[in-house]
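# need a 3D model of the sequence below.
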Amino acid sequence: MDGPVSVDMIVNGKKRTLYPEQLNGYLDIGILEGINAIIADTGYRFEVMVVDEMVFVTVLTEPERKKLKEERMLIFDELE
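All right, here's what the predicted structure looks like:
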């Protein structure tokens, strides 16, 4: 990737811009912590699952996350 990357979003009518770090050509998923803090009041949060060198990212509510864990035995990684 060339140059800085920005992630723009509008939450509750307010524009936010975050700048993820780049690690060996990949975006640092640590940015999701900041996004989760911004969207905390919505009931949704980004969840991640690292599988080998791939990262699965999705947005879930807590009941959805719990259901996937119980019914599909999916274990999501903790964001650091």
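# going forward, measure contacts and count neighbours with C-alpha atoms only.
Fine.
# poorly predicted segments of the chain, please.
For the chain, the stretches with pLDDT under 70 are 1-2, 80.
# cutoff 50 now
Nowhere does the chain drop to pLDDT under 50.
# just the CA coordinates for the longest helix seen in it, please, in PDB.
Counting by DSSP state H, the longest helix found in the chain is helix 62-72. Coordinates of each C-alpha in helix 62-72 appear next as PDB, following Å, rounded to 0.1, in the frame of the first residue of the first chain:
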ATOM      1  CA  GLU A  62     -23.600  -9.700  21.800                       C
ATOM      2  CA  PRO A  63     -26.500 -12.100  21.300                       C
ATOM      3  CA  GLU A  64     -25.300 -13.000  17.800                       C
ATOM      4  CA  ARG A  65     -21.800 -13.500  19.000                       C
ATOM      5  CA  LYS A  66     -23.000 -15.700  21.900                       C
ATOM      6  CA  LYS A  67     -25.200 -17.800  19.400                       C
ATOM      7  CA  LEU A  68     -22.300 -18.300  17.000                       C
ATOM      8  CA  LYS A  69     -20.100 -19.400  19.900                       C
ATOM      9  CA  GLU A  70     -22.700 -21.800  21.300                       C
ATOM     10  CA  GLU A  71     -24.100 -23.200  18.100                       C
ATOM     11  CA  ARG A  72     -21.100 -23.100  15.700                       C
END
